[in-house]
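**Student:** Quick one, what's the 3D model for this:
(one chain, ligands or ions: 1)
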Amino acid sequence: MAAGVAGLAGCSPAANDAAGAKADSANGGEANGQPVASDVHIHNVTDTSWMTPPAEVTDFATMTTAFFPPTEHQLSELSGIKFWPSVCSFYGECNQTKIQMYNQAAAEEKGAQFYFATTAEYLIMEDGKVAGMVASTDDGYMKINCRAAVIACGGMGGNPDMMAYFMPDMAQALTGNDALTSMSANDGRGVQMAYWAGAHLETTPIPGMNMKGLSVPGKMNCLPQAVWIDENGRRFCNEYYPTSEQRGYQTVFMSRKTKYAVCDNNFTEYRQYTLPQHAGFTASEENIASLREALDTAYAKFKGTYEEPEQTEEEGPGGHGPMTQVEYIADDTLEGLAGQLGLTGDAATEFVAQIERYNGYCEAGVDEEFGRAAEVLFPVKDGPFYACTFDPVLGETMVTMGGIITDGDMNALDANYEPIPGLYMAGNDCGRRFGTEYITPIPGVSLAFALVLGRECGKSVAKFLG
Ligand SMILES: Cc1cc2nc3c(=O)[nH]c(=O)nc-3n(C[C@H](O)[C@H](O)[C@H](O)COP(=O)(O)OP(=O)(O)OC[C@H]3O[C@@H](n4cnc5c(N)ncnc54)[C@H](O)[C@@H]3O)c2cc1C
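**Tutor:** The predicted structure follows:
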């Protein structure tokens, strides 16, 4: 039993607009008038005073908040969905380990005991109530007697079989070399333990973090300002669907052939219309300059005038955020660009016709094909023209986002939707926080859920234990 909290991301000024945040971020909804995890989170996230660890002013000075202060054309709302900058980054002196040490020390001062390198195996139940837990270490098994347990094992990303069960929509969409994979090693034991103890499973499919699309952040999904074209020369979705996590949905059932993001010479201007969310781009002067350089490099290569600069040792990759280091292909004409992308025959003809059609939508302010919002319809008409290629990948999730149903006290419910005495859930083992996919109008909402619901869970356990 452990709750690994990776930082304070998500402690957001957005919390001030709790009602808006609830509508936008917690698309899990309410069931039968019962409060669900998303409600509990929203109604408690406004109080962040307790989150301040005993960190020093110098610690806070080394933290930054992504997308804040906002850049000139940064959007805060698109198609009726609001967004807020909110991710604290700890790349300086005060890193996540330091924050965790602060938290551990504060907990130990209040009498908490930590068991590291200790794996929770299963709960001991007596008369339907939690009575203890069995855990394993290198030295064997140990039994812990307790009346309450909080399961916070962080989901099932390290267990492809469980992912296939809980995410049948993705499992069934796999083809060729696709596989369900995750950046998380957590093996689903938390959900298993709760289930064996009688807890009710969430209805499938559960969400994965940034999984349900051909591209994960860092790829095509991060270039919404461009026009996305498939191997037939056609657009295939609203490239600037406001929530990045759901932008990719349309691609799940497409071929795994290379896709293209296409833009014109004004892309450095259009790229600045970005949303503060997962896969968002920080339009800093440095990043825009880096984009210009990438486009100019592509054009010089096209013209045959490019000279490889000498690398000095100090020069790192440069740039921050997704898609700051992309290799583009340039051409003076759309026909030429199509050829360079390998499009021939009907696909090449359609490519040019599609871009012209799309430019018509930009002029009219109405995207008749996919409903892209007028304020982000950026034409592809001033050459040189540029494109980058994307080889689709399907099935990778950062973490899984659900499993066990709880009530508003974070108390796991049984098959009759009755609370199981002593069994509580927090973090990614806890269900009913999102719809079928994670969503980030408040980036960092996942860690915020883990923190806020973890604390609400603690309050419930204290009440339960009297
Ligand atoms: C690459 C990456 C980037 C991310 N970026 C962001 C971001 O920018 N913003 C954001 O909000 N979220 C982000 N997330 C997601 C976020 O980290 C998680 O959603 C969050 O940490 C979930 O908290 P948790 O307490 O449920 O699980 P975790 O933080 O995973 O903690 C679970 C802990 O339980 C331990 N554990 C597992 N099984 C057992 C067992 N049987 N016995 C004992 N211990 C066990 C694990 O070792 C782990 O320490 C990211 C995730 C990844 C992988």
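**Student:** tell me which helix or strand of the chain sits lowest on mean pLDDT?
**Tutor:** Lowest on mean pLDDT, DSSP states H and E among the helices and strands of the chain sits helix 18-25, with a mean of 32.
**Student:** which residues of this structure score low on pLDDT?
**Tutor:** Along the chain, segments meeting pLDDT under 70 span 1-55, 214-219, 311-325.
**Student:** How about it: which residue is closest to the ligand?
**Tutor:** Proximity of the chain to the ligand (C-beta to the nearest ligand atom) peaks at Gly427, 2.1 Å away. C-beta: built from backbone N, CA, C; applies to glycine.
**Student:** Spell out which residues of the stretch 251-400 of the chain are next to the ligand.
**Tutor:** Residues of the stretch 251-400 of the chain lying near the ligand by C-beta under 6 Å from any ligand atom: Met398, Val399.
**Student:** Which segments of the chain make up each domain?
**Tutor:** 13-209+396-465, 220-308+319-390 (automatic domain parsing).
**Student:** how long is the last one from one end to the other?
**Tutor:** Domain 220-308+319-390 has an end-to-end distance of 6 Å (criterion: C-alpha to C-alpha, to the nearest Å).
**Student:** for stretch 87-96, same thing?
**Tutor:** Taking C-alpha to C-alpha, stretch 87-96 runs 13 Å from one end to the other.
**Student:** Just the strands from the stretch 101-250 of the chain, written as ranges.
**Tutor:** Using DSSP state E, counting those that start in this stretch, the strands assigned to the stretch 101-250 of the chain run over residues 119-126, 129-137, 140-145, 149-151, 181-182, 227-229.
**Student:** Dump the ones you listed into CSV; add distance to the ligand and mean neighbour count as well.
**Tutor:** Formatted as CSV, these follow (distance: least, C-beta to the nearest ligand atom, whole Å; neighbours: other C-beta atoms under 10 Å):
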stretch, distance to the ligand, mean neighbour count
strand 119-126, 4, 16
strand 129-137, 7, 16
strand 140-145, 12, 10
strand 149-151, 9, 26
strand 181-182, 7, 18
strand 227-229, 24, 25
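**Student:** Can you lay out those as JSON lines showing distance to Gly371?
**Tutor:** Shown next, in JSON lines, are the strands of the stretch 101-250 of the chain (distance: least, C-beta to C-beta, whole Å):
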{"stretch": "strand 119-126", "distance to Gly371": "47"}
{"stretch": "strand 129-137", "distance to Gly371": "50"}
{"stretch": "strand 140-145", "distance to Gly371": "55"}
{"stretch": "strand 149-151", "distance to Gly371": "42"}
{"stretch": "strand 181-182", "distance to Gly371": "32"}
{"stretch": "strand 227-229", "distance to Gly371": "14"}
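**Student:** Of those, give the one that comes closest to Phe464.
**Tutor:** Smallest distance to Phe464 across the strands of the stretch 101-250 of the chain (C-beta to C-beta): 9.8 Å, for strand 129-137.
**Student:** Who are the packing partners of that closest one?
**Tutor:** Counting contacts by 3 or more C-beta pairs under 8 Å, 6 or more residues apart in numbering; DSSP states H and E, strand 129-137 is packed against strand 119-126, strand 140-145, strand 419-425.
**Student:** Is it correct that Ala164 is in contact with Ala171?
**Tutor:** Yes: the criterion here is C-beta atoms under 8 Å, and Ala164 meets it with Ala171 at 4.0 Å.
**Student:** Return every residue with contacts to both of these two.
**Tutor:** Residues touching both Ala164 and Ala171 (C-beta atoms under 8 Å, 6 or more residues apart in numbering) are Leu180.
**Student:** Between the two, which has more neighbouring residues?
**Tutor:** Using other C-beta atoms under 10 Å as the criterion, Ala164 and Ala171 rank with Ala171 on top: 19 against 14.
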